[in-house]
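Undergrad: how would this look folded up:
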Amino acid sequence: MTMKVRDVMPNAENTTNFDIVPESTTQVGNTLENLKSAVNGETGASAKYAAFARVAREQGYEQIARQFEATGAAEQIHIKLEVAEIQKVEPDYTAPAAPQVDVDELMTDTNLISGALGEIYETSDMYPSFIKVAQEEGEAGATLVFTRAKLAESVHAELYMDAYNNIDAPDDRAFYLCPVCGYIHKGDDFEKCPICFAPKAIFQQF
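TA: Reported below is the predicted structural model:
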């Protein structure tokens, strides 16, 4: 299961799966407000995945624990990129602290579904909504950041569903995280990131 490498880097102009889902639930503001909203969302997701990783490891799912850790690290990349865009306007801005996550009664199989649902929301609703506004406002930097996050989140969702479907048939493959855009590849059968074209040599292994 991989995202195919195209001849040109995917973006909001040359890619056709950037439509916003019907009955969108995203509260949309201007680009600055949307960047802050994205940071809040990614911060919550990263904290949630750290908690899910602890639960998975305690329940004996080592590979899934590494997957949650890789995805949490990907969200931190998105936070860093979004904060940098905010700081162009508000230099003193800092990201919010990570919320506490109650791990009581959490189970790894439903944690994977929770992760997939969150990533699907971001890739099909939140980020397409924010990209549309950024394009309208001529915010090229934010458009790029939102676009790369949107593309990475869809892969995260796919990987979560793969882990859910194969929870009782794990393999020994590692996860590789692109430090530029947050894309994650399962296994070492790749040469570069299909989103930002970063080379395999700089990927972080989990």
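Undergrad: skipping adjacent residues, who's closest to A157 in space?
TA: Spatial nearest neighbour of A157, excluding adjacent residues (C-beta to C-beta, 6 or more residues apart in numbering): E119 at 3.7 Å. Yep, even glycine has a C-beta here, placed from its N, CA and C like the rest.
Undergrad: quick one, what contacts the one you found?
TA: E119 is in contact with E153, S154, H156, A157, Y160, counting by C-beta atoms under 8 Å, 6 or more residues apart in numbering.
Undergrad: could you do M161 as well?
TA: The neighbourhood of M161, defined by C-beta under 8 Å, 6+ apart, consists of L112, A116.
Undergrad: distance of it relative to V83?
TA: To V83, M161 is 29 Å away according to C-beta to C-beta, to the nearest Å.
Undergrad: give the buried residues for stretch 164-184.
TA: By neighbour count on 16 or more other C-beta atoms under 10 Å, the buried set for stretch 164-184 is Y164, F175, Y176, L177, C178, P179, V180, C181, G182, Y183, I184.
Undergrad: shaky segments in this structure?
TA: For the chain, the stretches with pLDDT under 70 are 1.
Undergrad: about what we covered before: neighbour count and secondary structure for the contacts of E119 - can I get that in TSV?
TA: Output for the contacts of E119, formatted as TSV (neighbours: other C-beta atoms under 10 Å; DSSP: H, G, I helix; E, B strand; the rest coil):
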residue	neighbour count	secondary structure
E153	27	helix
S154	18	helix
H156	26	helix
A157	21	helix
Y160	26	helix
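Undergrad: S129: which of those residues is nearest?
TA: For the contacts of E119, the residue nearest S129 by C-beta to C-beta is E153; the value is 13.2 Å.
Undergrad: dump the residue contacts of the closest one.
TA: E153 makes contact with E119, I120, E122, T123, Y127, according to C-beta under 8 Å, 6+ apart.
Undergrad: got a markdown table for those residues, with secondary structure too?
TA: Putting the contacts of E153 into a markdown table (DSSP: H, G, I helix; E, B strand; the rest coil) gives the following:
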| residue | secondary structure |
| --- | --- |
| E119 | helix |
| I120 | helix |
| E122 | helix |
| T123 | helix |
| Y127 | helix |
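Undergrad: make CSV out of these and add distance to L35.
TA: Putting the contacts of E153 into CSV (distance: C-beta to C-beta, whole Å) gives the following:
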residue, distance to L35
E119, 19
I120, 21
E122, 14
T123, 17
Y127, 11
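Undergrad: most neighbours, which of these?
TA: Most neighbours among those, by other C-beta atoms under 10 Å: Y127, with 30 neighbours.
Undergrad: distance check, that residue against P91.
TA: Separation of Y127 from P91 (C-beta to C-beta): 25 Å.
Undergrad: for S154, same thing?
TA: 32 Å.
Undergrad: same check, this time on T2
TA: The spacing between T2 and P91, counted by C-beta to C-beta, is 39 Å.
Undergrad: and these two? Which one has more around it.
TA: T2 (12 against 7).
Undergrad: check contacts around the closest residue to Q63 other than its chain neighbours.
TA: With C-beta to C-beta, 6+ apart as the criterion, Q63 has its nearest non-adjacent residue at 4.7 Å, and that residue is P170. If you count contacts by C-beta under 8 Å, 6+ apart, P170 has them with Y61, E62, Q63, I64.
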